[in-house]
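Asks: below is the sequence, then the predicted model.
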Amino acid sequence: MSDLKKLFKQALEARNNAYAPYSNFKVGAAVLTKKGHIYKGANAENVSYPCGTCAEAGAIAAMVSAGEYEIAAIVVVADSQNPIMPCGACLQRILEFSNKDTMVHSADLNEIRFSYRIDELLPFSFHEDLKK
Ligand code: THU
């Protein structure tokens with residue numbers, strides 16, 4: 001099985017655990033790191049709606065918790081007719097751990113439907129060098 005197919009399967013698996021009783025829109029995400037490891041996330045909604053978190057945020061938090069900081073690719077999966085785009089905030093979250101080759105893949109329940117580089121999806125990002 002290709003790396004991408006594996007990543008898609010992991011995202012699907014995460015989606016099964018999504019907690020989305022308010023929107024009924026389950027989302028799964030799986031991140032492949034430069035080191036070759038996979039971390040998963042699902043959306044986790046809250047009765048106080050703005051407290052809910054996106055699948056991508058969960059996957060990135062799992063990656064960081066494991067001490068990894070470089071995303072090679074991310075797959076986001078939902079059951080929607082048009083493949084979903086990560087929301088604006090999640091694009092920024094992905095970008096933080098990306099390089100110029102980082103890929104964002106969007107999938108429905110059957111297959112990956114589109115693939116873009118992160119800088120195609122968020123070409124004009126906030127990237128001030130606050131680390132100096
Ligand atoms: N959601 C994600 O998890 N990722 C996205 O990229 C878009 C939206 C979630 C948030 C909320 O739980 C539900 O989908 C409906 O917006």
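Replies: On my side now, so go ahead.

Asks: please identify the helix or strand for the residue nearest the centre of the chain.
Replies: The centroid of the chain falls nearest to E56 when counting by Cα atoms, centre = their mean (3.3 Å). In the assignment (DSSP states H and E), E56 maps to helix 55-65.

Asks: that helix vs the ligand: in contact?
Replies: Yes. Residues of helix 55-65 contacting the ligand under Cβ under 6 Å from any ligand atom: 55-56. Every residue, glycine included, has its C-beta placed from N, CA and C.

Asks: and that helix, what other elements does it pack with?
Replies: For helix 55-65, the packing partners by 3 or more Cβ pairs under 8 Å, 6 or more residues apart in numbering; DSSP states H and E come out as helix 3-16, strand 27-33, strand 38-42, strand 71-78, helix 88-96.

Asks: ok, residues contacting it?
Replies: 11, 14-15, 18, 27-31, 33, 37, 39-44, 69, 71, 74, 76, 86, 89-90, 93-94, 97 (Cβ atoms under 8 Å, 6 or more residues apart in numbering).

Asks: just those residues that are near the ligand?
Replies: Restricting those to those within reach of the ligand (Cβ under 6 Å from any ligand atom) leaves 27, 43, 76, 86, 90.

Asks: mind checking how far the second one is from F124?
Replies: When you say that, I think you mean N43. 26 Å (Cβ to Cβ, to the nearest Å).

Asks: likewise for the third one?
Replies: Look at V76 and F124: by Cβ to Cβ, they are 21 Å apart.

Asks: and these two? Which one has more around it.
Replies: Using other Cβ atoms under 10 Å, the more surrounded residue of V76 and F124 is V76, with 28 against 6.
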